[in-house]
Each structure stands twice: as C-alpha cells, then as structure tokens.
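Asks: sequence first, predicted coordinates after that:
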2 protein chains.
Amino acid sequence: MAPGNSENNPMFKRMALIGIGLIGSSISHAARRAGLVSEIVCSSLTAEERERAEKLGLATKAYPDPIDAVKGADIVILCTPVGAFQEIAEAIGPHLERGAIVSDVGSVKGAAVRDIAPHIPDGVHFIAGHPIAGTEQSGPDAGFAELFDGRWCILTPGPDADPKALAKLEEFWRQLGSNVELMTPEHHDLVLAITSHVPHLIAYNIVNTAAHLERVTDSEVIKFSAAGFRDFTRIAASDPVMWRDVFLNNKEAVLEMLGRFSEDLVALQRAIRFGDGSTLERTFADARAIRRGIIQAGQDTAQPDFGRGAARARKGSD
Amino acid sequence: MAPGNSENNPMFKRMALIGIGLIGSSISHAARRAGLVSEIVCSSLTAEERERAEKLGLATKAYPDPIDAVKGADIVILCTPVGAFQEIAEAIGPHLERGAIVSDVGSVKGAAVRDIAPHIPDGVHFIAGHPIAGTEQSGPDAGFAELFDGRWCILTPGPDADPKALAKLEEFWRQLGSNVELMTPEHHDLVLAITSHVPHLIAYNIVNTAAHLERVTDSEVIKFSAAGFRDFTRIAASDPVMWRDVFLNNKEAVLEMLGRFSEDLVALQRAIRFGDGSTLERTFADARAIRRGIIQAGQDTAQPDFGRGAARARKGSD
C-alpha cells in the first residue's frame, strides 16, 4: 500500500485550506477519499462559504481569519485568487508551524513565489504548485474528489527547497490522483500562457465581441451557438476575479503569446482575403494532430462533442 | 399525429443525399427514425464512403454519380463541402424531377444560392438550408439520428420561393428534430460568421500557434491542455476541406467579424499591459450572461466541463 493512504497513518495531521472554492473544496474531497489527513480546516472571507464548507463536510472548522486556520497545521495550501497571496502570506507567516509545508494552487507561479516566499519563516517549507484541472464553476459546492484524477500538477520548487518536503508534497498530489511535473516558475508561466491564459482571454473576448454587434442580436448568438461559439462560452463563464488576477500577474508571458497568436491570425486573415485555399486547408489539417495527441495522452475524451450527445447517441444506436 | 411521420404516409418517396458525411448520414438516420421517406439513396465520390453508406443502411443505393441519385427523387439535399455545389448543381440540373425540392446543408448561404440557383430548372423548388448542428467528426460513420434534436435549422428561401414547398421543407426539418428559422442568405452569413466561422478560425489558429512555439514543446501543450486549450482543439479537429470552403465563400462577413474580434482583443491586451484590472474583471463578468442564456435556451449542457467529468463526479458524490 502506498504511504499515507490509510486513515490510520495519514500523511498530515492538520491541513489548512486558505480559500474554499472549486480547487480548495476538490482538494478536501480528494484528500478525504485517500485518507491523507486527520483534520481539515479552512478559511474564507465570506460567511456563506464558511457555512457551506462546514455543512458539506469540507472542513471541520471554517474560520474567517486565515491565521486561525494555519495554527497547528502541518500543511497549508493557498487556494484563493493569486492577487490575495501577498496579504495572506504576510498575515499567516508568523503563525506557521515549524516544519509545516506551505503551497498554493495559483495559476501564475512567478507571482506566487514573489508574493509568498518572503513571508515564510525559517524551518517552514514553501513549494509553489498548480494543479492543471478545473471546471467553469466556482465556490465550495463546485468541488469533487475526481477533479485531479489523471491530470497534471506542476510544482515549482526553488533551488534550495527541502528534498524531503518536496517528496512529501509530490506524494500528496499523486495520492490526490494527479501526475506530478517539476519546472521553474518562469517556464510554468510561459507554458500556461499558451495552454490556459491566452485561451481564456480569447474565449472572453469573442463572447464580448458577439455581445456587442449591431447587426446580430444576442438572441441570435444564443440560438445558433451550437455551430461552434458555445464551446468558448464555457471557459468564459469562469471566475472573473481569479482571471483578472491571472492576467495582472502573468503580463509578460501573456503578451508574448498573444503577440504570436495575433501574428498567426493575421496570416490566416490574409489567406482568406486573397483566397489562398491551400494555406487554409494545410493549417486546418495540421491542427488535427494536436487533438489526437491530447486524446492519446488521456487529457480529453475521445467521444464526439465532448460526450455532450453521448446519452442521445446511445439511445439512437439501438 | 403530425403529418408524414408514419411509414405508411411518408412525406417523400425518394430522398437523394448528395454527399454522405456527418450531416448527410445524420439526415438519413433522423429521416428513418421519423418515417419521413420511402427510399433513401445517396452519392459519394469515394468507393469507401459508398460501401459504408450501404453497409450502415444509410442508403439503399450509393452511386458514384449524383445524376443517378437524383433521378426520380422528390427531395434532393446537397451535403458536400460548399466548394462542390456549383459543379454538382450544373450536373444534376437537367435530371431533376419536376416538382422536386432541392436543398443543401452548407454553412454559407450566399454562396449556396449563387452556385446552385442558376442551375435549377423551372418547376423544381430550390430552398437553401443550414442545420446548426454537428460534431468534430466526419464521414458516414459519424452520423446519428439525434444530431438535430432541439437544434435550429435556418432556411433562406428566395422572395419567389413556392410557399407549399417551403412549408413542406420546414415540416421535414421539424420532423428531423429541429426548430426552423427563416432569414435572408446575407443575414445568415453574418450570424454564422460570429457564431461559427470566426470561432473555428480562432480555434484552428491557436492550435497552430501552440504547435509552433520554440520555448514550449508540443508535449507540454498536450500534457497541460486541460487548463483550457483542449476545448479549442475539438472544433479544430473538424474537416479541413469543409472549413477551407467556408472561409473562401464567406470572405466579407468573416473579415468583418474578425476585424471586430481583433479590435476587442487589442483593447484587452492594452488593459493587461497597463494593469487595468477593472476593465478585465468587468469584461470577464459580462461573459457569464451569454453562457447562462445558451444553457437556458437548451443549446448547451448545464453540466460542468460539458459533462466530461459527469461519470467521475457522480461516482464521487456517493
């Protein structure tokens, strides 16, 4: 049996989740599923989330103040939007338990290290992290134990990270269901700019463009969205504050990738303008290879239309 | 009982599907489900597709030449890429049955009318159409009877279209499961430019951008695609020839909508560059309303992550 996956021998005695939205609540579900921790507490700024967290059994106690959550905790995970990290780290720093592991789940790792590391006292192990998983839903009710299964969690340990603490955090994420990859914060931020941040920006942008046309009504956009547009609206329904903070904190990498995207788009635009069908067809055909790779790597479903029509199709094939 | 939905009283005696890919094969499935036609035949350029069409029971006979398919047919539907319409219409024109209805399923209606209408003889009723439904898969094996259920089919009859033929074609699409909307070809092409054509172009483009970065590997793009990118790869796996023809044939509307998209994207890019968090947050929050509208209109699933994780989530909630 893998270490720490029994309730008699948990990896941690007290886990503090600072913020209990989609990711925080999913960590709670997955950690309880694997028996990784004896006790889970959390903190949230809103009374409503604290009530839901306790009612759903995500935490035995949900505190308004993160300082109360981290007292006695041997693992602390920041699960708030990135923009809140600096203030939280400064507040909890003096109250962290010696030997504790502190991590986070923020989508920007350069900013996480910048804002958290200076406030971590000696003898406490800070290793930034980012589980590559989510849905478009937010809040403590949105979480579920299987969110991380088969996905990747990226950890970005500094050069002087404690090897034992790192090994333990890696094992913790594996027990939550993830694969683990290590890289520098800078490389993480570049990779995520293209696999996450720019896709979200583009999705938000086209929804916004569609909503402000004079010659096409919102009602038409909605009715005829199954032609492709609706796919973009899913990630454009993600938490606005979380995403605001991502773009404010990963500016350089996002602007670099956005520059590439726009340059490539202009090339396709010219091909359309001048009727260059072979460039269009070649570009479109090439895109299929990446889709195949994603399905082969188990990072998306092979079912047509994301499996949306699966129930209908099964019924029809009888 | 609605007219024509019994096998004893079908709406049409012989339906000819010119092209038997995803849409053609789905029309066959749905028409048989509703008992709308006595006989279905089809044509396809490739021997492999003809064999599959007959083997799957999509057509009693699959011809290499569309002329053979349309003989004796009282409904003919062109289901090929838009770029093939002109040649097909010219070939079949002299062989169309008097009183027959001719339609199509092309994604561009101005071009469909331009390329088909001149070849339709007197006494044959041409009404262009476009079912707003599909998956990223192609070919005769990809079709299923439920594809059109609850979706919209847009018809773009000319000012002198025969009212009885139009009413019959509307009823045909309703029996296939669709809602029906009428509009001009020009307005259709503008609406679809934003709800379908530009989204596909953007999806193809970002997949292409991601595949040609120097500092991020294809393997990293694939592994970490669940952070948003994978959503775009689905529609970017659609048929390259079909989409080439869409962009070559809806140039003006696509370039107009692409101009709006790029203008809006530059505004978000500036907001990122200058740290304007309130513009970002407001834009992102506004996008949620359109998503809600799409779900309320029954045009997408309300399940998180398109229901991809539904099986996993159900298991976990026990």
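Replies: Looks like it arrived, so ask away.

Asks: flag every buried residue along the helix ranked longest in chain A.
Replies: Using DSSP state H, we find that the single longest helix of chain A is helix A:251-273. For helix A:251-273, a neighbour-count test (16 or more other Cβ atoms under 10 Å in any protein chain shown) marks A:251, A:253-254, A:256-258, A:260-262, A:264-265, A:268-269, A:271-272 as buried. Glycine gets a C-beta too; all of them are placed from N, C-alpha and C.

Asks: how about stretch A:33-43?
Replies: Buried-residue list, stretch A:33-43, by 16+ other Cβ under 10 Å: A:R33, A:A34, A:G35, A:L36, A:V37, A:I40, A:V41, A:C42, A:S43.

Asks: next, give phi and psi for the fourth one.
Replies: The phi and psi torsions at A:L36 (degrees, to the nearest 10) take the values phi -80, psi -20.

Asks: hmm, it is touching A:K13, no?
Replies: No - with contact defined as Cβ atoms under 8 Å, A:L36 does not reach A:K13; the gap is 10.7 Å.

Asks: average pLDDT across stretch A:43-51?
Replies: The pLDDT scores in stretch A:43-51 average 98.

Asks: the stretch 51-200 of chain A: strands as residue ranges?
Replies: For the stretch 51-200 of chain A, applying DSSP state E, counting those that start in this stretch gives strands covering A:61-63, A:75-78, A:101-104, A:125-126, A:128-132, A:152-156, A:179-182.

Asks: which residues of chain A score low on pLDDT?
Replies: A:1-8, A:309-318 (pLDDT under 70).

Asks: residue boundaries of the helices in it?
Replies: A:22-34, A:47-55, A:66-70, A:85-92, A:109-116, A:163-175, A:185-192, A:198-211, A:218-223, A:229-235, A:240-249, A:251-273, A:277-296, A:310-316.

Asks: with distance to chain B added, can I get the ones you listed in JSON lines?
Replies: Below are these laid out as JSON lines (distance: least, Cβ to the nearest Cβ, whole Å):
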{"stretch": "helix A:22-34", "distance to chain B": "7"}
{"stretch": "helix A:47-55", "distance to chain B": "15"}
{"stretch": "helix A:66-70", "distance to chain B": "22"}
{"stretch": "helix A:85-92", "distance to chain B": "15"}
{"stretch": "helix A:109-116", "distance to chain B": "13"}
{"stretch": "helix A:163-175", "distance to chain B": "14"}
{"stretch": "helix A:185-192", "distance to chain B": "5"}
{"stretch": "helix A:198-211", "distance to chain B": "4"}
{"stretch": "helix A:218-223", "distance to chain B": "4"}
{"stretch": "helix A:229-235", "distance to chain B": "4"}
{"stretch": "helix A:240-249", "distance to chain B": "4"}
{"stretch": "helix A:251-273", "distance to chain B": "5"}
{"stretch": "helix A:277-296", "distance to chain B": "4"}
{"stretch": "helix A:310-316", "distance to chain B": "4"}
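
Asks: so which of these gets nearest B:G123?
Replies: Closest approach to B:G123 among the helices of chain A (Cβ to Cβ): helix A:218-223, 34.0 Å.

Asks: go through the closest one and flag the buried ones.
Replies: For helix A:218-223, by 16+ other Cβ under 10 Å, it's A:E220, A:V221, A:I222, A:K223.

Asks: dump it to PDB, restricted to CA.
Replies: Extracted in PDB, the C-alpha atoms of helix A:218-223 (Å, rounded to 0.1, in the frame of the first residue of the first chain):
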ATOM      1  CA  ASP A 218     -27.800  38.400 -28.600                       C
ATOM      2  CA  SER A 219     -30.800  36.200 -29.100                       C
ATOM      3  CA  GLU A 220     -29.400  35.000 -32.500                       C
ATOM      4  CA  VAL A 221     -25.900  34.400 -31.000                       C
ATOM      5  CA  ILE A 222     -27.500  32.200 -28.300                       C
ATOM      6  CA  LYS A 223     -29.900  30.300 -30.700                       C
END
